[in-house]
Structures are given as structure tokens and as C-alpha cells.
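Asker: dropping a prediction and its sequence here:
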Protein chains: 2
Amino acid sequence: MADDSTQSFKAVDLVVQLSPALKTKPHVVDFGTVFTDHMLTVEWSVTEGWQAPFIRPLANLSLHPACSSLHYGIQLFEGFKVYRGDDSRLRLFRPMLNMSRMANSAKRACLPAFDQTELLECIRRLVEIDQDWVPRSDSASLYIRPTFISTEPSLGVKRPGRALLYVILCQAGSYFNSEADAISLWADPKYTRAWKGGTGDCKMGGNYGCSLFAQYEAGDYGCQQVLWLYGQDHQITEAGTMNIFLHWINQDGEEELATPPLDGIILPGITRRSILELTRKWGEFKVTECYLTMSQLCSALKQQRVKEMFGSGTACMICPIGHIVYLGENLHIPCRDKHSVKLTSRLTKELTDIQHGRTPSDWTFEV
Amino acid sequence: MADDSTQSFKAVDLVVQLSPALKTKPHVVDFGTVFTDHMLTVEWSVTEGWQAPFIRPLANLSLHPACSSLHYGIQLFEGFKVYRGDDSRLRLFRPMLNMSRMANSAKRACLPAFDQTELLECIRRLVEIDQDWVPRSDSASLYIRPTFISTEPSLGVKRPGRALLYVILCQAGSYFNSEADAISLWADPKYTRAWKGGTGDCKMGGNYGCSLFAQYEAGDYGCQQVLWLYGQDHQITEAGTMNIFLHWINQDGEEELATPPLDGIILPGITRRSILELTRKWGEFKVTECYLTMSQLCSALKQQRVKEMFGSGTACMICPIGHIVYLGENLHIPCRDKHSVKLTSRLTKELTDIQHGRTPSDWTFEV
């Protein structure tokens, strides 16, 4: 098995077959519905190792019906964006963090290893070819979706002997329909997103499919997303497919930005990490990775110690939380007082400025 | 959404397109590697509802690369077998239990409802067409794999607007390479198969893909499968992809056959249920669904109260357990004393006799 990165595919071997006819580019549409002209595919088998990477016209995949990605969820993905700056240059945001998280997910899914730098270079070439699809907008971008699936065509529950790594690109406007408004969350201990000893810290498909049912039940309570709880003490873990942050005055009277620690059930989000690093650099308040329970949140709300709460993720970037339905109660989450700029607005601006090249940063990677 | 079974597809609408050239049938091979000539497919979309079911030559599926079964594990399956009796008739074993479990999984995965009887009739027709593939053997059979996947071609994490239900058939010899021998299990609390509030009681793909890594670590300890534990008290839950049974003298000195209860983290196995019903009918010992912890098992082993332990499932039927590696200890699991027939042998015989029509039973369904 090619678990040594020296056996990885190489970008220098890329074969490029351009599409004979390019699609008309629509105005920015719903997230993830319109794809660009090309895709990257790289095939692997246990006998042949990695094949040469291939950029070719976007097309359907031809998969054996016994393919173990369709039966046993042997699949994983990544998500990041390419932004067009005011200078018209294209930038990725900390893409090596996605590459390394993808490598971790691959290990957990028993899919083969690859050289992360080679994959990034192949993706850079793909983006370069489809660069006209990157919107000229601060609120829109081109979303990059690397996907890695087993193509093993047999039914035993076992390590795949064949796999396909592919990358597709799609337009991304704002992820939620009403981005400006704060979202509502439904918190009920009866559903659990992830658990210790599972795969909650990897971007494996099974983490998402099992969340849908609860998401629609959230709708029955008038909420847009689920606030995922964990354990007897109802720890706050994630919101929908986002990491979660609480900006508050903690029990010790300190101003603090807190988010749950990476203990195996939390996705190590790149926006999460960037928010922690940015706010620690500011040095204006305490920044902590710690367990947060619903009872701590409820007390803080009663004592008016909560300033703001928000979700973070690549798709939505930063998403303010407006209220939480919990055990029959509708908890109103305040925004920061009107005399100062909200933390969510400030973070959104700082990150957007980096992503669009207005603030020079070694977090950007030019295409 | 077609969540009313009156809107299901109907077997009477079946369209059959036979393969122009039939494959040579090999001698029985590894489980799940050789498929028959035909497959059943039924397409669904939110706008058109269910299409007519279609039996056609086995072929690759053509799937959009954004298909949410490949990204978010929106997928589920079932597994059951068709047996050829000494009378040459073909029988399914309690297939409506598979249909109803499949409907439950579909609900949990936010995939559309269907009429269970109609699906079974479509499957019966498929088996009838490929009937020459059913082996003439007590140890081999034809395995039926209904699969239900989202074919939604967009990236938002949402209820699929399109889906495909399909059924493939493959030869099934014995599932484990050395069926006669008892298998070895590795029990380590660091991995968890399923958890309360998750999907452990459904046959969704994500339950399986996340188990592979632990399965290979089991191999490092010289074991064939994982014994999945749960919670602080190391409850015994499942073994590999099997339900688990302990035949012992319990703490109260009673002879008992025990298996963990269906509390949401246990797959409601049809072999499991059949074993419970059979042994309750015998009335020879206590039959209990109850929590079993590793410390209870260890005590019982020390006090020589364990008679036998085995896994049950459609693929393996009944699989004796020979030893368990737990916290650095190698626990030897005894077989029943030599003066009586082992429970595993007796159950295997009773079930095989029903499946092959030697014992008349309303558990069988003739094709």
C-alpha cells in the first residue's frame, strides 16, 4: 500500500484535457449547485499505486454498484475557497491546513496516503484553468471540494484496494439564505453528532449524513440548525456544520472568547484556528479552548454575561447566533452593545481583508 | 416528498431488460466479489416521485461527482440471502424484516419512503431471473444487497432531491476465511462503533467506514475483529459487524443466553432476533436482553461460568468466539463441555434446516 508519500502522484505528471466547449457562467447561485468546466481526478489501486493526475472536463463518475464508498461510507472531503482580490489576483486561504486535515481523514478512513504539496499544486493548476469562474465580489468566491472515495468493487467490509481522489469547483455565494441575520439553533440532547472514539474530528461523509434527520427536526422547532450537545452535562460542541464560539464574561469575571477543545469530537476547523490565532494576537481578552455546558450558558445569559455567540466554518465564514431553543426554552443570545463594533463584524472584516489581499499575510497562497 | 407508501413504486410496473450474454458462473468465491447478470434499479426524485422499477444487466452507475451519497454518506443498505433447498426450491429467510429495517434506515437518512411489499416482489423477480446463480450447497448461498443512495448532485448538506434504490446479487460462501475456527476479538475502549443519539441501529454506510481503522488495529494484536465496547463500564455491544451472545451461568447462578438490548446503539439483527425467538421457544434456559460489561465477563471467566460466546449476522450466520484481547490480557473463551452439542452448532443446524426447507417454517418465503 502506498502509505509512503514518496509513492504519491506528482503534479509534474499532470495530464490536461481541456473541455471543447465552456459553459456560460451564471450569476452567483445557491451554494454548491453550479460547477466549473473541469475537474481533477487521480486514481489509485493497491497493485498499481497512484496513477498520473488528470484534469479533464467535468463528467459523471462511473462506479461499480458494489463500490464500498456507496455501501460503507469510505469517503471523505475537504472544503476551501479561492478569492479574487481587488488586485484581481486569486488567493487560497491556508490551503496546506486543508491538505493536512485531508491526509488525516484519509488515514482514519483507511484510504492511501499522498503528498500534500503535490495535491495542492494539482489543485492550483485546476483553479488556474477555471479561473474565470472566480467571482469579482467580497461576498462570493469559488469553492474547492476535494473528495476521496473508495472505488473497491466488492462487498466485504475491508480496506479498499482501489480509490479515487477528485476535485470539483463550484460557485459559492453566501451559505445561508439570510446571511445578514443571526441564525437560530435547536439544542436537544437526543441527537449526538460525534462521540469519543469515533470520527468527529475527520471530514468523513458519515458525520454529515447522520446529522440530516436532526436538522429537519430543528426546522419543526422553527430553527435553522442543530446545536450539537454531548454527554450528561450537555456540553456545547458544534452548530450545524460549524465550530462554535462564545464571547462572554466568564465565571471568573474575565472577558473571554471560548470554543470547545479539539478532544476528538470537534472538527479542527481552519476558520476556528484562524479566529483563535487572530484574537490571541490582538491580546484584548482571554482566548480559551475549554468545555462549555448549556447550564453555564444559561447562567451567563441570566446574568447578562454573554456578549455574542457565533459559528465558524469555510462555507459561512462567521455566522452570528440569534437564539437557541433548549429544553422548551427560547434563549435569546444578545449582540454586543451598540457602542462598539461586534466581534463577528470585526473578525469577518479582518479575515475577508486577508483573503482578498487587502491585508498582506502569510496565510494566503497565490494561485 | 413521497413519504406516503401509496406513492411507492409498484412491482406491476417492472420493466425487464435481459442481458444479451450471460456470464459464466464461477465456483463459489470470496464473499461479495462476483455479481450476477442483472440488477434492479428504481429512481426517485422530489419532483417526479418514484419511477418504474427496472431489472437490467448489471452495469456501473453514472453519478455526478457532487452526489451527496459520496460526500455526506447519505446511503444505506440491507443484506439477506437466498438459499437453495434439497428440494431445489429457493427460499428467503424472513425478508420482510429486512424490508422494514431498510424503511427505518431510509427514514433516518432522510431518503424517501417506499412500499416494503412492492420492493420485496421486485427483488423476488430479480432473484427468479438470476436463479441459476444460487449455489446447491448448505454452506453457500446467493447474497442480496439492496442499496439506497442519494443522487442529489449538489453540495449543501440537505435532504436529497434525488435518490436511487438498487439491488445487486452476489455469491456468498463463508464470510470468514476460516469458518470452522472460533474467531478472535480485540476489545479496546479507545474506539466506539456507535453511540446514543447516533445511527448505530440503522444500516447506514457511515457506521461501517468508521470501523475499518480499528479493525486493522485489531489485526496488529493478532485478532480478526473488534469487540466494540461502550461507556465507562466497557459494555459489550457488537463484534465486528455482528451482534453478540453470551451463553453462561449468570451472577444469580442461572443458565442464561444474553445479548445487549436494542437501545439505539445495537443493530437489530434478524439472525439475533431469530436466535432469541428460537431459544425462548426451547424454554431450556433463561434468554435475556441485558447490558453485559467486560468486568462481568472477566469475573464469569475466572469463575468458569462462561459456556460459549458467539457473534450472529446474515453474512456469517453464527460465529463462535475463541478469545478476546482486552487491556493487555488474552481471555480464553471456552466452548461448551464435550458431553453435549454446542449451542452454536445446534443453532446453526436449526437455522440452516429452516433456510433450506428441511424444517417447515413460516420464517421462509419462497421465490
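Answerer: That came through fine.
Asker: return the set of buried residues in stretch A:276-296.
Answerer: Buried residues in stretch A:276-296, counted by 16 or more other C-beta atoms under 10 Å in any protein chain shown: A:276, A:278, A:279, A:285, A:287, A:288, A:292, A:293, A:294, A:296. (Each C-beta comes from the backbone N, C-alpha and C, glycine too.)
Asker: for the fifth one, which three-state class applies?
Answerer: Counting by DSSP: H, G, I helix; E, B strand; the rest coil, the backbone at residue A:287 sits in strand.
Asker: which helix or strand contains the nearest residue to residue A:189 once chain neighbours are set aside?
Answerer: Leaving aside its sequence neighbours, residue A:189 sits nearest to residue A:229 (C-beta to C-beta, 6 or more residues apart in numbering or on different chains; 5.0 Å). Using DSSP states H and E, residue A:229 sits within strand A:225-230.
Asker: need the contact partners of that strand.
Answerer: By C-beta atoms under 8 Å, 6 or more residues apart in numbering or on different chains, the list of residues contacting strand A:225-230 from outside reads A:183-189, A:191-195, A:211, A:214-215, A:218, A:235-240, A:242, A:244, A:265, A:294, A:311, A:324, A:326.
Asker: cutoff 7 Å now
Answerer: Applying C-beta atoms under 7 Å, 6 or more residues apart in numbering or on different chains, the contact partners of strand A:225-230 are A:183, A:185-187, A:189, A:191-193, A:211, A:214-215, A:218, A:235-240, A:265, A:294, A:324.
Asker: so how far is residue B:355 from whichever residue of chain A sits closest to chain B?
Answerer: In chain A, the residue that lies nearest chain B is residue A:206 (1.9 Å; C-beta to the nearest C-beta). Using C-beta to C-beta, to the nearest Å, residue A:206 is found at 32 Å from residue B:355.
Asker: over to residue A:234?
Answerer: Residue A:234 sits 47 Å away from residue B:355, going by C-beta to C-beta.
Asker: quick one: which of those two has more around it?
Answerer: Set residue A:234 next to residue B:355 and count neighbours by other C-beta atoms under 10 Å in any protein chain shown: residue B:355 wins out with 24 against 21.
Asker: so who does the nearest residue to the residue of chain A closest to chain B once chain neighbours are set aside touch?
Answerer: Computed as C-beta to C-beta, 6+ apart, the closest residue to residue A:206 that is not its neighbour in sequence is residue B:206, at 1.9 Å. Residues in contact with residue B:206 (C-beta under 7 Å, 6+ apart) are A:73, A:205, A:206, A:209, A:210, B:73, B:199.
Asker: these two touch, right, the last one and residue B:108?
Answerer: Yes. In this structure residue B:199 lies within contact range of residue B:108 using C-beta atoms under 7 Å: 5.9 Å.
Asker: neighbour count: the two, which is higher?
Answerer: When residue B:199 and residue B:108 are compared for neighbours, residue B:199 comes out ahead with 26 against 19, by other C-beta under 10 Å.
Asker: residues touching that one, list them.
Answerer: Here residue B:199 is in contact with A:210, B:108, B:206, B:207 (C-beta under 7 Å, 6+ apart).
Asker: can we see that at 6 Å?
Answerer: A:210, B:108 (C-beta atoms under 6 Å, 6 or more residues apart in numbering or on different chains).
Asker: do a quick rundown of the strands in the stretch 201-350 of chain A.
Answerer: A:225-230, A:235-239, A:242-249, A:255-259, A:286-289, A:306-313, A:317-326, A:329-332 (DSSP state E, counting those that start in this stretch).
Asker: JSON lines for these, including distance to residue B:319 and mean pLDDT?
Answerer: Shown next, in JSON lines, are these (distance: least, C-beta to C-beta, whole Å; pLDDT from 0 to 100):
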{"stretch": "strand A:225-230", "distance to residue B:319": "34", "mean pLDDT": "97"}
{"stretch": "strand A:235-239", "distance to residue B:319": "36", "mean pLDDT": "97"}
{"stretch": "strand A:242-249", "distance to residue B:319": "42", "mean pLDDT": "97"}
{"stretch": "strand A:255-259", "distance to residue B:319": "45", "mean pLDDT": "98"}
{"stretch": "strand A:286-289", "distance to residue B:319": "44", "mean pLDDT": "98"}
{"stretch": "strand A:306-313", "distance to residue B:319": "43", "mean pLDDT": "96"}
{"stretch": "strand A:317-326", "distance to residue B:319": "44", "mean pLDDT": "94"}
{"stretch": "strand A:329-332", "distance to residue B:319": "49", "mean pLDDT": "96"}
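Asker: who wins for proximity to residue A:163 among those?
Answerer: Closest to residue A:163 of the strands of the stretch 201-350 of chain A is strand A:306-313 (C-beta to C-beta; 26.3 Å).
Asker: residues in contact with the closest one?
Answerer: When contacts are defined by C-beta under 6 Å, 6+ apart, strand A:306-313 is touched by residues A:239, A:242-248, A:269, A:271-272, A:275, A:300, A:318-321, A:333-334, A:336, A:343-344.
Asker: please indicate which of those residues are buried?
Answerer: The neighbour count (16+ other C-beta under 10 Å) marks A:239, A:242-248, A:269, A:271-272, A:275, A:300, A:318-321, A:333, A:336, A:343-344 as buried among the contacts of strand A:306-313.
Asker: tell me the pLDDT of the most centrally placed residue in chain A.
Answerer: By C-alpha atoms, centre = their mean, the mean C-alpha position of chain A lies nearest to residue A:314, the distance being 4.7 Å. In the predicted model, residue A:314 carries a pLDDT score of 92.
Asker: distance of the closest residue to it other than its chain neighbours from residue B:13?
Answerer: Nearest non-adjacent residue to residue A:314, counting by C-beta to C-beta, 6+ apart: residue A:79, 4.9 Å away. Per C-beta to C-beta, residue A:79 is found 40 Å from residue B:13.
Asker: more neighbours: which of the two?
Answerer: The residue with more neighbours, out of residue A:79 and residue B:13, is residue A:79; 20 against 14, by other C-beta under 10 Å.
Asker: next, the more buried one: phi, psi?
Answerer: When read as degrees, to the nearest 10, the backbone of residue A:79 gives phi -150, psi 120.
Asker: low-confidence regions, the stretch 1-150 of chain A specifically.
Answerer: For the stretch 1-150 of chain A, the stretches with pLDDT under 70 are A:1-6, A:28.
Asker: how about the residues of it by chain B?
Answerer: Proximity of the stretch 1-150 of chain A to chain B (C-beta under 6 Å from any C-beta of the partner chain) is limited to residues A:31-33, A:60-65, A:69-75, A:77, A:108, A:110, A:149.
Asker: report the buried members of those.
Answerer: Burial by neighbour count, judged by 16+ other C-beta under 10 Å, picks out A:31-32, A:61, A:63-65, A:69-75, A:77, A:108, A:110, A:149 from the residues of the stretch 1-150 of chain A next to chain B.
Asker: nice, that's everything, thank you.
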